[in-house]
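> model this:
(2 chains)
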There are 2 protein chains.
Amino acid sequence: MTDYLKELQMPNRILLGPGPSNVSPRVLQAMMTPILGHLDPDFWHVLDEVREMLSLALGTSTECTLPLPATGTAGMESAFCNMVEPGDRVVIAVNGFFGARMAEIAARCGAEVHRIDVTWGKPVLPEMVEETLKNLGQVKAVGVVHAATSTGVLSPIKEIAEVVHKYDALIIADVVTSLGGLELHMDEWDLDVCYGASQKCLGAPPGLAPISFSSRALEAHKNRKTPVQSFYLDIATLENYWSETRQYHHTSPILSLYAFREALRMIMEEGIENRWQKHAHLAAGLRAGLEALELELFADPDYRLDPLTTIRVPEGIEAAQVIRQLYRDYNIEIGGGLGELASKIWRIGLMGESCKASNVLLVLSALETVLAKQGYAQYSGNSVAAAQQVLAAN
Amino acid sequence: MTDYLKELQMPNRILLGPGPSNVSPRVLQAMMTPILGHLDPDFWHVLDEVREMLSLALGTSTECTLPLPATGTAGMESAFCNMVEPGDRVVIAVNGFFGARMAEIAARCGAEVHRIDVTWGKPVLPEMVEETLKNLGQVKAVGVVHAATSTGVLSPIKEIAEVVHKYDALIIADVVTSLGGLELHMDEWDLDVCYGASQKCLGAPPGLAPISFSSRALEAHKNRKTPVQSFYLDIATLENYWSETRQYHHTSPILSLYAFREALRMIMEEGIENRWQKHAHLAAGLRAGLEALELELFADPDYRLDPLTTIRVPEGIEAAQVIRQLYRDYNIEIGGGLGELASKIWRIGLMGESCKASNVLLVLSALETVLAKQGYAQYSGNSVAAAQQVLAAN
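Here you go, the predicted structure:
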């Protein structure tokens, strides 16, 4: 019997990597709601509710906010292909893997790309952006990753947006790792395009990419001289379906939208600010525990992310071996490094449904055990003790 | 309390439109399998199994076959943006809504598009393609919809492919409505790109777009002078993840892949030829019933689809009203017309899990009742009787 004729069996992982995070049973159960057609009037209120809740999570009241029927990278692609026309000058701040991806995607849209290269582990700062913008002619858009998933670094996007607007450009913000887990006010901070992903701090399964365009961004779209190169990701064609005309554009991934709605509903019940605070509090506990283990955190101390903590792999320890042992002995997933950080860092996520005090204690005690086996740490419980003190302070 | 704070409630529809079709409880249950990360080695065999089963369903052994992490329209876009470079000459046969969409998408890829316009309801024939190709210089690709979802018409794609190759062009086949429900042999028929969708005859939820590239197509991709305009849909970047290197490209929609694997597994158990036969047999029953109701079928009688049957709306009957009554009184979804066929036809799908004898009898008896109420038919049971006779012949 070939393997694919067997029933699917999977280990019950605790997902503490850079996403996907675990999915609440409530969200899973929502996917068992009877499937409807994408043009069934009974489905339409789901679209409206998703849009309304997503807008609250983003802190926006712009008219164009929706989850794209694809994953986060499609969100990035949609942001650039809607805003950029061939020949447009675009500035991309690259302080990690996804900034580099932004530059590649913008180039594939025909943009003239100017990179601001920042040491991985450091934030993008407003003065770096200003330095670049003042030496260039008219720039169409500036792309910045708010919370760098590959390095664990937060960049001050609000202050960057101020600089960008001073030079009359649009700011495109990657909020994949911040949306739902870190303070974010799209309108108040005057961000023009924000895109994210369903499977991180929002707590839904992977497969959808929330995106939102400011009125300034929509105006830029309206004034394009060339069509958006992607029909699938063109916000004008997508709006035909998401607006009240409900004109067919694509077959909506109905069950994913049910799940997404339920995940957003859980955020609304908890309150978005409370969720941000929970992520901050538990990340503080995790960091205290890691420091008690004498592990060095990778990200600039003044710009660390709460949803995702990055750790330098100590000398003499094989990064992949630790990841494998956490899988094997404890059913825990943590992430390795991407790109130039492969084998150099670990990434521990506490996002959405995975953001729980029990996971902080568990991942610290498991990591301490695995490192002790390799002669790095001792079986002391020190990391758990340090975390307990921080967590108890709440 | 605002609406989105309520638990989601949906009517239990029988989906007999142009897709999505119903999803088997087995497929739904597969989505409850514990979620893993997209780089977890325990997930990788799912990718391999999906690829192997999907290849069997398509009738191909090409090395590049995978479900795109997006819906069917992204499959169309991926086909064109991978094969076409700016300035390339492309021929699109337009005999329905999706042919027209192909032309739009090819144009957005920078192609010089030549349309072959065919009356909606009629097939694309090899001689039409030859007539066009012989009057043009070198053509890069010809796009044809195998089974036209908007009109219910099958085009002889094998014979068309022969003509296309005679003129040294690539054939791109939309198999969205045929894949899993109609005879299809990608390799034997020498098709270069085939793309489909998860939610029709394959019986999975919407959200994935299976796609496959022949070695000729991959060669054309390799010889491109310009990068594929989409990073997300570039088959080379996708292969980085789907091949043995397992290099990160996007966060795989894990739960959708679990469901897709289970839907494919059900096809393997049934046998793909048996599934084609079932679709043919039940469609014959449906057509007999509709004819007994003296309804006129829309598609050319020699080129009718089995998974989807199109019906002219009789004079004096309001199409949308019938659709609404089927929703309201029987929880049945059938489709209306798209584009120029809006209000002119109905579309009844018997696809995947929705392709059941019980659904044939139910939709006929419900439709007969609704039409009788409007004074068109009688309460005679004639349509059911006609279908019963055909179905009993098995």
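> what sits against the residue nearest to A:Glu188 when sequence neighbours are not counted?
With sequence-adjacent residues excluded and distances taken as Cβ to Cβ, 6 or more residues apart in numbering or on different chains, A:Glu188 is closest to A:Gly59, at 6.4 Å. Backbone N, C-alpha and C define where each C-beta goes, glycine included. When contacts are counted by Cβ atoms under 8 Å, 6 or more residues apart in numbering or on different chains, A:Gly59 touches A:184-189.
> Next: A:Leu208.
A:67-71, A:197-198, A:253, A:256-257, A:260.
> what are the phi and psi angles of it?
phi -130, psi 150 (degrees, to the nearest 10).
> A:Trp276 too?
Note on A:Trp276: its backbone torsions stand at phi -60, psi -50 [degrees, to the nearest 10].
> helix/strand/coil for the closest residue to it other than its chain neighbours?
Closest residue to A:Trp276 apart from its sequence neighbours, by Cβ to Cβ, 6+ apart: A:Glu183 at 5.4 Å. State at A:Glu183, reduced to three classes by DSSP: H, G, I helix; E, B strand; the rest coil: coil.
> how near is A:Glu183 to A:Glu273?
As judged by Cβ to Cβ, to the nearest Å, A:Glu183 and A:Glu273 stand 8 Å apart.
> Comparing these two, which shows the higher neighbour count?
Between A:Glu183 and A:Glu273, counted using other Cβ atoms under 10 Å in any protein chain shown, the more crowded position is A:Glu183 (16 against 9).
> ok, so of the contacts of A:Gly59, who is nearest B:Met53?
Taking Cβ to Cβ as the measure, A:Leu184 is the one of the contacts of A:Gly59 closest to B:Met53, at 41.1 Å.
> Can you give me the end-to-end span of stretch A:67-77?
End-to-end distance of stretch A:67-77: 13 Å, with Cα to Cα, to the nearest Å as the criterion.
> just to revisit the earlier point, is it true that the residue nearest to A:Trp276 touches A:Gln277?
No: counting by Cβ atoms under 8 Å, A:Glu183 stays clear of A:Gln277, with 9.6 Å between them.
> Could you list the domains of chain A?
Domain assignment of chain A by automatic domain parsing yields the ranges A:25-268, A:271-392.
> What about the residue in the stretch 101-250 of chain A that chain B sits nearest to, how many residues nearby?
Nearest residue of the stretch 101-250 of chain A to chain B: A:Gly207, at 3.5 Å (Cβ to the nearest Cβ). Number of residues near A:Gly207 (other Cβ under 10 Å) recorded here: 32.
> List the residues that contact it.
The contact partners of A:Gly207, by Cβ under 8 Å, 6+ apart, come to A:70-71, A:198-199, A:253, A:256, B:69, B:207, B:253, B:255-256.
> follow-up on the earlier one: figure out which of the domains of chain A is closest to B:Cys355.
Closest to B:Cys355 of the domains of chain A is domain A:25-268 (Cβ to Cβ; 15.5 Å).
> Is the nearest residue to A:Thr226 once chain neighbours are set aside part of a helix or strand, or is it coil?
If the residues on either side of it in the chain are set aside, A:Thr226 comes closest to A:Glu85, at 5.1 Å by Cβ to Cβ, 6+ apart. Recorded secondary structure, A:Glu85: coil (three-state DSSP).
> residues contacting A:Glu85?
A:Glu85 sits in contact with A:109-110, A:140, A:224-226, where contact means Cβ under 8 Å, 6+ apart.
> mind checking how far A:Tyr167 is from A:Leu15?
For A:Tyr167, the distance to A:Leu15 - Cβ to Cβ - is 40 Å.
> before we move on, back to that, look at the residue nearest to A:Thr226 and report its pLDDT.
pLDDT, A:Glu85: 97.
> That one and B:Ser383, how far apart?
As judged by Cβ to Cβ, A:Glu85 and B:Ser383 stand 55 Å apart.
> A:Trp44 now?
For A:Trp44, the distance to B:Ser383 equals 31 Å [Cβ to Cβ].
> Just give the number of residues close to A:Leu362.
Using other Cβ under 10 Å, A:Leu362 is surrounded by 16 other residues.
> Run through the residues that contact it.
Listed by Cβ under 8 Å, 6+ apart, the contact set of A:Leu362 reads A:14, A:330, A:332.
> Can you tell me which of those residues is nearest chain B?
The nearest member of the contacts of A:Leu362 to chain B, counting by Cβ to the nearest Cβ, is A:Ile14 at 9.8 Å.
> Need phi/psi at the closest one.
Dihedral angles (degrees, to the nearest 10) for A:Ile14: phi -100, psi 120.
> I'd guessed it sits against A:Cys355; true?
No: counting by Cβ under 8 Å, A:Ile14 stays clear of A:Cys355, with 11.7 Å between them.
> What segments of the stretch 151-300 of chain A are helices?
Under the criterion DSSP state H, counting those that start in this stretch, the stretch 151-300 of chain A contains helices at A:157-166, A:215-222, A:235-242, A:254-270, A:272-292.
> Am I right that A:Ala320 is in contact with A:Gly337?
No: the pair A:Ala320 / A:Gly337 is not scored as a contact, 10.2 Å apart, by Cβ under 8 Å.
> quick one: which of those two has more around it?
Comparing A:Ala320 with A:Gly337 by neighbour count (other Cβ under 10 Å), the higher total belongs to A:Gly337, at 22 against 11.
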